[in-house]
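Student: Give me a model of this one.
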Amino acid sequence: MKFLYCATRWHHPPFTGRERMISQVLKYCLDMGETSLAAFSSDDPASTDPLDDRLASKFRLSDNSILGALGSFIRHPTYPLQAHLLSSGSAAAKLETTILEFKPDIVIFDMLRTMASAVHIRQRFPNLPMLIDLDDMLSLRYDRMLKASNHRIDSTFADRIPKSLRGITSLAPAAALAAERLLMRRAERRISTIFDGALMVSSREATNLQTYMPPDFKITPMPPAADRTPTVSVFERKIPTRAIFMGNAKQYANADTLLRLDKIADDFKFRSPNSTLRFESAGVKNDNLHLKHVKQIGFIDNIETFLHDGAIFVAPITTGTGIKLKIIDAMLNGVPVMTTDIGAEAIEVFPRDHYLHCETNAEFVDSLLRIESGEISIDQLQGMATTARQTISVKHDNAMLQKSFQAAVDAAISRRALLAQ
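Tutor: Purely as a prediction, here's the structure:
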C-alpha cells in the first residue's frame with residue numbers, strides 16, 4: 001500500500017504535540033507500506049529524524065504569499081482563514097504531480113488548515129480515498145478562547161502569517177477569532193463531503209464530531225501512543241523538590257498556564273518562604289512572559305531527562321481542548337500529576353485515583369503545602385502515579401492504536417469505492 005501524507009509542518013523537531021502526532025501516523029503508514037511526505041513550510045526541516053530514512057520521498061510545499069492568500073479568500077470566503085495561507089497554486093500543482101507519479105492508495109491531510117489543498121485534490125481525483133488527521137475540534141478551542149478573553153488566533157502559527165495580515169487581525173482580534181470559529185465549525189461539519197474518514201485525538205473529540213457526520217463516515221480515535229514507556233518509574237520516594245510543567249510557551253494555552261503557575265509559585269513562596277521547591281518548565285521559551293519564579297529550561301529532545309529528580313507535574317490548565325500530551329508523558333513516566341478538569345479531560349483518568357485535582361490557585365498552593373508537610377503522603381503520590389502509568393499504558397497501547405489506524409484506512413478506502421460506483 002502507498003500513502004501520501006500532507007502535513008501543515010515538518011514532523012521534526014517535535015516543538016509541539018502536533019509534530020509528535022504527525023510522526024505517530026507516519027510511523028503507522030510506513031509499517032503498512034511506502035510513504036511519501038509533503039509538508040507546508042517556508043524552510044527545509046531544521047534537523048533530521050530517523051523516520052526520514054524510511055520515507056519514499058519528502059518534499060516541501062510553499063506557504064501562500066499575501067496576494068495568493070487574499071485571492072484564495074476572495075474565491076473561497078467560507079474556508080477557515082488559516083486555510084488560505086496553505087492554498088498556494090504551486091503546492092496544489094506539486095501534490096497533483098506527486099499523486100500522478102507516486103500513485104498513492106490513500107492521501108492523508110493534516111488538520112483543516114489544509115482544506116484548500118484537500119478540496120483541490122478531491123476535485124482533481126474524485127475516486128482517490130482521503131483521510132483527515134485532526135488534533136481536536138478547533139471550533140470548540142476557539143470558543144473557549146473567546147470565553148476566556150484570549151483572542152490570539154495565530155498562537156504558534158503566528159510566524160507563518162505575513163506581518164501585514166498579523167497587523168489586520170491585531171486590530172480586532174476578538175472579531176477575527178469569532179469569524180474563524182464560525183468558519184472552522186462550518187468546515188468541520190462538511191468534512192464528510194471531502195474526506196472518507198477522520199482520525200481524532202480522543203474518543204471524546206471523535207464522539208463530538210461524529211454527531212454531525214453520516215453513518216458511513218468513520219471517525220477513529222487516535223490518541224498519543226504509549227510507545228516510549230520507561231522500564232522504571234522515575235518517581236522517587238521522597239518529597240518532590242521540583243514542580244514542573246512542559247509545553248511550547250509561545251502557544252496560547254501553555255503561555256496562559258505558565259503565567260498562572262508563576263502566580264501559584266508566588267503565593268506558595270509567600271506561605272512557605274523557606275521551601276526549597278523549584279518551579280521549572282521545559283519547551284520552547286517565551287521571554288515575553290517575564291516569569292518571576294518559573295525557570296524556563298527551553299526545548300529538550302528527550303523529555304525523560306526532564307522528568308526526574310523528585311518531580312511533581314503541576315498543570316493549572318484552564319483553556320485548550322483535546323488530549324494534553326504533556327499529561328500523558330508525565331503519567332507514562334510515573335510522575336505524580338496535579339491538574340484541572342480541562343487538563344485531564346479526554347484522557348479517561350479520575351481524580352484521587354490517577355491525579356491530584358485542583359481548580360483554583362489556592363487549591364494548587366494548598367496541595368503543594370500539604371505535600372511538603374507530609375499530609376499528602378509519599379505513598380499516596382506513588383500510588384496515584386503507579387495507577388496512572390498502568391492505565392495510560394493500556395489505553396494508549398501502541399499496537400492497539402496501530403490496528404485502529406489500519407481499520408480507519410480500510411474503512412476510508414471502502415467508502416470511496418462505494419461512492420465511486
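
Student: where does the stretch 1-150 of the chain dip in pLDDT?
Tutor: 46-47, 149-150 (pLDDT under 70).

Student: all strands for it, in order.
Tutor: 2-7, 34-40, 57-61, 106-110, 130-133 (DSSP state E, counting those that start in this stretch).

Student: for those, which one ends up most surrounded?
Tutor: strand 106-110 (a mean of 27; mean count of other CB atoms under 10 Å). From N, CA and C alone the C-beta is placed, and that goes for glycine too.

Student: how far does it sit from the chain's center?
Tutor: 17 Å (CA atoms, centre = their mean, to the nearest Å).

Student: got the contact list for it?
Tutor: 1-9, 22, 25, 29, 99, 115, 117-118, 121, 128-133, 195, 199, 409, 412-413 (CB atoms under 8 Å, 6 or more residues apart in numbering).

Student: Just checking: what are the partner strands of it?
Tutor: Using DSSP bridges, the strands paired with strand 106-110 are strand 2-7 (parallel), strand 130-133 (parallel).

Student: May I see the ones you listed arranged in CSV, with distance to Pro77 as well?
Tutor: CSV is the format used below for the strands paired with strand 106-110 (distance: least, CB to CB, whole Å):
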stretch, distance to Pro77
strand 2-7, 23
strand 130-133, 21
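
Student: all strands for the stretch 251-400 of the chain, in order.
Tutor: Under DSSP E, counting those that start in this stretch, the stretch 251-400 of the chain gives strands at 278-282, 294-298, 311-315, 337-339, 356-357.

Student: Turn these into a markdown table, including distance to Lys58 and mean neighbour count.
Tutor: Shown next, in a markdown table, are these (distance: least, CB to CB, whole Å; neighbours: other CB atoms under 10 Å):
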| stretch | distance to Lys58 | mean neighbour count |
| --- | --- | --- |
| strand 278-282 | 28 | 21 |
| strand 294-298 | 27 | 16 |
| strand 311-315 | 34 | 26 |
| strand 337-339 | 36 | 26 |
| strand 356-357 | 43 | 20 |
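
Student: May I see these organised as TSV, with mean pLDDT and distance to Lys324 added?
Tutor: Output for the strands of the stretch 251-400 of the chain, formatted as TSV (pLDDT from 0 to 100; distance: least, CB to CB, whole Å):
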stretch	mean pLDDT	distance to Lys324
strand 278-282	97	14
strand 294-298	96	18
strand 311-315	96	7
strand 337-339	98	8
strand 356-357	98	14
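
Student: Any idea which of those strands gets closest to Val394?
Tutor: Val394 lies closest, by CB to CB, to one member of the strands of the stretch 251-400 of the chain: strand 337-339, at 17.1 Å.

Student: And the closest one, what does it pack against?
Tutor: When contacts are defined as 3 or more CB pairs under 8 Å, 6 or more residues apart in numbering; DSSP states H and E, strand 337-339 packs onto strand 311-315, helix 325-332, strand 356-357, helix 361-373, helix 378-395.

Student: Other residues contacting it?
Tutor: 312-317, 324, 327, 330-331, 344, 354-358, 364, 367-368, 384-385, 388.

Student: Pull out the buried residues from the residues you listed.
Tutor: Those of the contacts of strand 337-339 that meet the buried threshold are 312-317, 324, 327, 330-331, 344, 354-358, 364, 367-368, 384-385, 388, by 16 or more other CB atoms under 10 Å.

Student: Let me know the angle separating the longest helix along the chain from strand 2-7.
Tutor: Across the chain, the longest stretch assigned as helix under DSSP state H is helix 398-420. Angle of helix 398-420 versus strand 2-7, following axes from the mean of the first three to the mean of the last three CA atoms, to 10 degrees, is 100 degrees.

Student: ok and helix 398-420 relative to helix 378-395, angle-wise?
Tutor: Using the same axes, to 10 degrees: helix 398-420 against helix 378-395 is 40 degrees.

Student: what does helix 398-420 rub up against?
Tutor: 1, 24-25, 28, 31-32, 105-106, 126-131, 195-197, 199, 216-218, 220-223, 225-227.

Student: So which bits of it are buried?
Tutor: Buried residues in helix 398-420 (16+ other CB under 10 Å): Asn398, Leu401, Gln402, Ser404, Phe405, Ala408, Val409, Ala411, Ala412, Ile413, Arg415, Arg416.

Student: Now the two most distant members of these.
Tutor: Asn398 and Arg416 (27.4 Å).

Student: closest to Ala179 out of the helices and strands packed on strand 337-339?
Tutor: Among these, helix 325-332 sits nearest to Ala179 (CB to CB), with 28.5 Å.

Student: Send me the closest one as PDB with only the CA atoms.
Tutor: Only the C-alpha atoms of helix 325-332 are listed here, as PDB (Å, rounded to 0.1, in the frame of the first residue of the first chain):
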ATOM      1  CA  LEU A 325       0.100  15.200  25.600                       C
ATOM      2  CA  LYS A 326       2.200  16.700  28.400                       C
ATOM      3  CA  ILE A 327      -0.100  15.000  31.000                       C
ATOM      4  CA  ILE A 328       0.200  11.700  29.100                       C
ATOM      5  CA  ASP A 329       4.000  12.000  29.100                       C
ATOM      6  CA  ALA A 330       4.100  12.700  32.900                       C
ATOM      7  CA  MET A 331       1.800   9.800  33.700                       C
ATOM      8  CA  LEU A 332       3.700   7.400  31.500                       C
END
